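Student: Please work out how this folds:
(one chain, ligands or ions: 1)
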Amino acid sequence: MKGLTIQIRKQKTESILRKHPWIFSGAIESETSQLVDGDIVTATDNRGNFLAIGHFQHATIALRVLSFENVNIDLDFFQRRIENAVELRRKLGLFETGNTICRLIHGEGDSLPGLIIDYYNGCAVIQCHSIGMYRSVDLISESLKKALKDDLKAVYSKSSDTLPQRSDVTDKYLFGSCETPHIAHEYGVKLNIDWINGQKTGFFIDQRENRALLGKYAKGKKILNTFCYSGGFSLSAIQNGATLVHSLDSSKKAIELTEQNVVLNGYGDRHVSIVADAMEYMKDLKEDYDIIVLDPPAFAKHRDKRHKAIQGYKRLNAHAIRQIKPGGLIFTFSCSQVVDKYLFNNTVIAAAIEAGRHVRIIEQLHQPGDHPINAFHPEGEYLKGLVIEVE
Ligand code: SAH
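Tutor: Next comes the predicted model:
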């Protein structure tokens, strides 16, 4: 095999043959000298047979596999992958009326590990989690133009948050430009999206269907939306007839975004915002709520923090279960990848036991189809939630 290669230990090829897209540093027997972060590198078995090609990095995940076939990683490669991803979103109906927001590329789920692309009404925001992907942003931008044609007006590259150790990473428009905040739509709700100053790419797209589901239960209800960010759940609830929504976040900036969105939709008379720490606020609720939304950030980013995270989820859920109105609903979520859905369910059940109230699970929630899970990469499943009814 010519070019840059790593040779994989004999007993470590199995997961690659099962098409798992990560090769860990411990699996490498030997490597071409002087591999640089971001290089496109071929993995072979100990006889030199091709196994996979991908982006190399001196890290625990040493190779993020782009293909299990011996192909060139060029414009044509990115174009095919991106066209395929756009096709899936069209199949899901995400380019139809009412919605101008979707995740276009979801890393491993779209066979492009290390790459996230979110789409906001004509503007694509690229976020890279590997140097190799960052080095390919121009090819990615070209491919987006070809795949989206008139549906694309601008491409913004934002990786300085996700690659903080690299001083050479800059955030900028690669194609066109777009004033921010930029208005985009989710099931008819208008949202100001600010990818330059906002968290992540500007919005938490993964909760779209769960926000819509809250809408189904919201009519005539008084709702508390904790960890609200820019107010997505609140807006869906008001759009669907909630009488009053309290939106809470510890970030003043997030609350400002929420208020801008409330005004943009003309929902001011049914909305109150609160800057507070959710855990503190939930200890002693001063109001009766019919519905409470709990959508905290990932409490555990690594396995060694899992135990503490579970205690956090349990405490938060116990506060809500204890104080919600009889017959009330709690929409509770976890986006910690290391807490799987079974552990999360058990944690919520433990919270119900602690709160001493009878609880029924009425909906089991997850990430939507534009955040697909590669079946050979179970780690791609991260968002889970429950709707529980409290007696
Ligand atoms: N539900 C939101 C996304 C939530 S992201 C949506 O639908 O868009 C998590 C949010 O939790 C962020 O806005 C962050 O500022 C906020 N947050 C983090 N820690 C918090 C805390 N201790 N109390 C309240 N909010 C917190």
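Student: drop to CA atoms for contacts and neighbour counts, all remaining ones
Tutor: OK.
Student: residue at max distance from the center of this protein?
Tutor: Summary for the chain: using CA atoms, centre = their mean, the residue whose C-alpha lies farthest from the chain's mean C-alpha position is Arg47, with a distance of 39.4 Å.
Student: ok but that one is inside a helix, no?
Tutor: No. Secondary structure of Arg47 (DSSP: H, G, I helix; E, B strand; the rest coil): coil, not part of a helix.
Student: what separates it from Lys10, distance-wise?
Tutor: Using CA to CA, to the nearest Å, Arg47 is found at 9 Å from Lys10.
Student: neighbours of the closest residue to the ligand within the stretch 51-200 of the chain, just the number please.
Tutor: Distance from the ligand to each residue of the stretch 51-200 of the chain (CA to the nearest ligand atom) is smallest for Gln199, at 7.6 Å. Gln199 is flanked by 15 other residues according to other CA atoms under 10 Å.
Student: show me what contacts it?
Tutor: The neighbourhood of Gln199, defined by CA atoms under 8 Å, 6 or more residues apart in numbering, contains no residues.
Student: Where does the prediction get shaky in the chain?
Tutor: Applying pLDDT under 70 to the chain picks out residues 1-2.
Student: What parts of it come near the ligand?
Tutor: On the criterion CA under 6 Å from any ligand atom, the ligand has as its neighbours in the chain the residues 203-204, 207, 227-230, 232-233, 249-251, 254, 276-278, 295-297.
Student: Take the residues you listed and keep only those in helices.
Tutor: In helices, defined here by DSSP state H, the members of the residues of the chain next to the ligand are Gly232, Phe233, Ala254, Ala278.
Student: any idea whether Lys305 is helix, strand or coil?
Tutor: Of the three states, Lys305 takes helix under three-state DSSP.
Student: list the contacts for it?
Tutor: Neighbour list for Lys305: Phe299 [criterion: CA under 8 Å, 6+ apart].
Student: A strand includes Ile6, no?
Tutor: Yes. Inclusion of Ile6 in a strand is indicated when three-state DSSP is applied.
Student: And for it, the neighbour number?
Tutor: The tally of other residues near Ile6 (other CA under 10 Å) stands at 25.
Student: Same check on His182?
Tutor: Per other CA under 10 Å, the neighbour tally for His182 reads 15.
Student: how about it, phi and psi?
Tutor: With angles defined as degrees, to the nearest 10, His182 sits at phi -120, psi 130.
Student: Hmm, it is touching Asp194, no?
Tutor: Yes. Assessed by CA atoms under 8 Å, His182 is found in contact with Asp194 at 6.5 Å.
Student: thinking again about what came up before, and the residue farthest from the centre of the chain, how far is that from the ligand?
Tutor: Distance, Arg47 to the ligand, using CA to the nearest ligand atom, to the nearest Å: 48 Å.
Student: Residue nearest the middle of this protein, spatially speaking?
Tutor: A centroid search over the chain (CA atoms, centre = their mean) returns Asp206, at 5.4 Å, as the residue closest to the centre.
Student: How about it: what's its closest non-neighbour residue?
Tutor: Gln367 (5.8 Å; CA to CA, 6 or more residues apart in numbering).
Student: same check, this time on Lys158
Tutor: Setting aside the residues directly before and after it, Lys158 is nearest to Asp171 in space (CA to CA, 6+ apart), at 4.7 Å.
Student: now swap in Leu63 and tell me
Tutor: Phe56 (4.6 Å).
Student: Which residues are in contact with that neighbour?
Tutor: Neighbouring residues of Phe56 by CA under 8 Å, 6+ apart: Leu35, Val36, Asp37, Gly38, Asp39, Ile40, Val41, Ala62, Leu63, Arg64, Gly132.
Student: switch the cut-off to 10 Å
Tutor: With contact taken as CA atoms under 10 Å, 6 or more residues apart in numbering, Phe56 is in contact with 4-6, 23, 25, 35-43, 62-65, 130-132.
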